[in-house]
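Participant: Got a predicted model here, sequence first, then my questions.
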Amino acid sequence: MRVWMIRALVVVACLMPAPLAAAQTPIAEAVRADPALDARSRQLIGVIAGSGDFDGYFAPSFHAALPKEKWETVVASMTAQMGKPLAIDRLTAVTPFSANLRVRFERGIVNAQIAIDPAAPHQVVGLLFTGPEMTGDTLDKLAADIRALPGTTGLGIYALGEGAPRLVTGIAPDKAMPLGSAFKLWVLGELAREVGAGDRKWSDVVPVGPASLPSGITQNWPAGSPVTIQTLATLMISISDNTATDTLVSLEGDRLDDFVTKAGVAGLAPVLTTRQMFALKSSANADLAAQWVTSPAPSARRKLLDGNAERLRTTPVDPMMFAGKPSKIDTLEWFASPAETAGMFDWLRKEDGETPLALLAINPGIDPATRSKFDYVGFKGGSEPGVVTLNFLVRRKDGRWLAIAAGWHRNDAGVEENRLIMLMTRALVLLADGPLPN
């Protein structure tokens with residue numbers, strides 16, 4: 001996943017489309033697992049440990065969606081935190097050929113869902129790892145594991161109430177970090193402010209603007225397709241559609257810069273469109289990128305953008321430019337601190353009515369089992385080579401609200417997104433019903 005080609009980030013280690021959908025349907029009577037399901041489930045320990053028959057264990061459809069090298073990355077992230085796999089502690093059949101598992105590791109339990117082909121040789125067609133449950137886990141241990149990641153990390157976990165957000169735990173929570181697509185939270189915020197002020201309606205229809213690079217779908221729509229601003233905001237948040245985002249950024253104009261400035265987020269003004277960011281990172285515009293770095297004042301940067309608007313608009317951008325090493329992530333990015341991200345979530349929660357919260361909840365960013373621990377989960381993440389951010393707004397079953405903002409970046413190599421995904425799943429499990437400050 002790349003910020004420029006970002007897909008909606010789902011906090012799971014491995015998800016395959018298969019009969020797992022059936023696992024979500026309540027069954028009134030106890031179901032007995034087929035012997036083949038029991039056998040394949042027990043074999044999972046060896047496959048995770050690397051001693052099993054990976055090629056024979058998974059069906060061809062699984063291999064097509066998750067090749068062995070990607071599987072090994074998933075497993076490495078999981079075992080780095082949980083230790084070696086030891087046994088299947090519990091198998092609860094959902095259908096004769098699918099089940100929920102509790103997989104015991106050296107340092108705790110990982111919940112999983114598995115589905116096999118009913119036909120011999122009963123290969124695994126679906127596998128989903130969900131929330132880890134580490135033995136004796138605490139927020140302090142979690143923070144220590146995040147600090148141990150190579151590169152630079154940031155974390156802010158905040159309790160939200162009537163007043164300002166209150167820090168529960170953090171790692172450099174006031175230090176700005178590259179956001180990737182999480183900057184779209186502020187685009188949503190300004191849009192919601194305009195609707196709340198009566199300047200716009202969610203049902204207002206506007207034309208889709210010029211195409212940006214994927215992620216998303218609107219870059220492939222006919223030029224100028226009429227859509228509501230709520231449709232654009234939905235696509236921007238739920239699947240991180242870049243063309244929808246740029247349409248909204250252009251629509252908001254100077255008001256967006258005013259919004260982020262009043263919010264005190266200096267690293268965001270002036271707010272770049274994704275297309276402008278791509279163009280500035282292009283080698284063809286190295287001189288403009290240098291000017292951007294040496295002219296940090298928002299007014300100077302806005303002048304740079306406006307004076308080179310045609311050049312930036314027409315710069316050819318190679319989609320593969322973000323498929324390799326980190327590129328200018330300390331100087332050309334959208335920046336905000338975990339505290340500022342939590343503040344934006346809190347503002348959306350308090351000020352903007354139901355629509356923004358509904359949009360944030362479309363893609364909750366976590367597996368269904370962890371999602372079910374909360375009354376509400378909203379999410380926006382972002383990434384590019386060397387950068388990943390994961391940000392959640394949650395309401396617990398007891399009505400308490402929390403904002404969780406985490407990021408990890410490094411200049412010398414890419415980051416293993418699954419490692420931060422597992423860590424944030426741990427955080428959410430701990431926060432679902434743990435003690436909070438009054």
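Facilitator: That came in fine, so what should we check first?

Participant: Pull the contacting residues for the residue nearest the centre of the chain.
Facilitator: The centroid of the chain falls nearest to Gly381 when counting by Cα atoms, centre = their mean (3.2 Å). Shown in contact with Gly381 (Cβ atoms under 8 Å, 6 or more residues apart in numbering): Ile6, Leu9, Gly180, Ser181, Ala182, Gly365, Val388, Thr389, Leu390, Asn391. To be clear about C-beta, it is placed using only N, CA and C from the backbone, and glycine gets the same treatment.

Participant: just those residues now: which is nearest Lys397?
Facilitator: Nearest to Lys397, judged by Cβ to Cβ, of the contacts of Gly381 is Gly365 at 18.6 Å.

Participant: need the contact list for the nearest residue to that closest one once chain neighbours are set aside.
Facilitator: Excluding the flanking residues, the one nearest Gly365 by Cβ to Cβ, 6 or more residues apart in numbering is Phe379, at 3.1 Å. Residues near Phe379 by Cβ under 8 Å, 6+ apart: Leu9, Leu360, Ala361, Asn363, Pro364, Gly365, Ile366, Leu390, Asn391, Phe392, Leu393.

Participant: Now secondary structure, neighbour count and pLDDT too, for those residues, in a markdown table please.
Facilitator: Formatted as a markdown table, the contacts of Phe379 follow (DSSP: H, G, I helix; E, B strand; the rest coil; neighbours: other Cβ atoms under 10 Å; pLDDT from 0 to 100):
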| residue | secondary structure | neighbour count | pLDDT |
| --- | --- | --- | --- |
| Leu9 | coil | 24 | 27 |
| Leu360 | helix | 25 | 98 |
| Ala361 | coil | 17 | 97 |
| Asn363 | coil | 20 | 96 |
| Pro364 | coil | 20 | 95 |
| Gly365 | coil | 25 | 93 |
| Ile366 | coil | 27 | 89 |
| Leu390 | strand | 27 | 98 |
| Asn391 | strand | 27 | 98 |
| Phe392 | strand | 28 | 98 |
| Leu393 | strand | 27 | 98 |
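
Participant: Between these, which sits nearest Gly434?
Facilitator: Phe392 (14.9 Å).

Participant: If you count neighbours, what's buried in stretch 42-52?
Facilitator: Going by neighbour count (16 or more other Cβ atoms under 10 Å), the buried part of stretch 42-52 is Gln43, Leu44, Ile45, Val47, Ile48.

Participant: Cross the residues you listed against strands and list the overlap.
Facilitator: Assigned to strands by DSSP state E, none of these qualify.

Participant: Wasn't the residue nearest to Gly365 part of a helix?
Facilitator: No. Applying DSSP: H, G, I helix; E, B strand; the rest coil, one finds Phe379 to be strand, outside a helix.

Participant: among the buried residues of stretch 42-52, which two are most distant?
Facilitator: Farthest pair in those, by Cβ to Cβ: Gln43 and Ile48, 9.8 Å.

Participant: can you put the buried residues of stretch 42-52 in CSV and add distance to Trp71?
Facilitator: Converted to CSV, those look like this (distance: Cβ to Cβ, whole Å):
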residue, distance to Trp71
Gln43, 15
Leu44, 12
Ile45, 15
Val47, 9
Ile48, 9
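
Participant: and Met5, what pLDDT?
Facilitator: Listed pLDDT for Met5 reads 26.

Participant: Look up how far Phe278 lies from Gln43.
Facilitator: Noted for Gln43: a distance of 45 Å to Phe278, by Cβ to Cβ, to the nearest Å.

Participant: Please apply the same query to Ala290.
Facilitator: For Ala290 relative to Phe278 (Cβ to Cβ), the value is 17 Å.

Participant: coming back round to it: go through the contacts of Phe379 and say which is closest to Ile146.
Facilitator: For the contacts of Phe379, the nearest to Ile146 is Leu390 (11.0 Å; Cβ to Cβ).

Participant: Isn't the closest one up against Asn418?
Facilitator: No. Leu390 is beyond contact range of Asn418, at 11.3 Å (criterion: Cβ atoms under 8 Å).

Participant: circling back to that earlier point, quick one: pLDDT of the residue nearest to the centre of the chain?
Facilitator: 97.

Participant: what do you get for Glu416?
Facilitator: Looking at Glu416, its pLDDT stands at 86.

Participant: Tell me if I'm right that it and Val74 touch.
Facilitator: No. Using Cβ under 8 Å, Glu416 is not in contact with Val74; the gap is 9.7 Å.

Participant: what ranges do the strands span in the stretch 201-350 of the chain?
Facilitator: Taking DSSP state E, counting those that start in this stretch as the criterion, the stretch 201-350 of the chain carries its strands at 205-207, 226-228, 335-336.

Participant: For Tyr57, the count of nearby residues, please.
Facilitator: 18 (other Cβ atoms under 10 Å).

Participant: Next one: it from Leu167, what distance?
Facilitator: Tyr57 is 45 Å from Leu167, by Cβ to Cβ.

Participant: Return the residues in contact with Thr92.
Facilitator: Ala99, Asn100, Leu101.

Participant: Show me what stretch 215-228 is in contact with.
Facilitator: Contacts of stretch 215-228 (Cβ under 8 Å, 6+ apart): 2, 4-7, 202-208, 210-213, 232, 235, 239-244, 247.

Participant: Quick one: end-to-end length of that stretch, please.
Facilitator: For stretch 215-228, the first-to-last residue distance is 20 Å (Cα to Cα, to the nearest Å).

Participant: If we go by neighbour counts, what in that stretch is buried?
Facilitator: Here stretch 215-228 shows Ser215, Gly216, Thr218, Gln219, Val227 as buried, counting by 16+ other Cβ under 10 Å.

Participant: Need the mean per-residue confidence for that stretch.
Facilitator: Rounded mean pLDDT across stretch 215-228 is 95.
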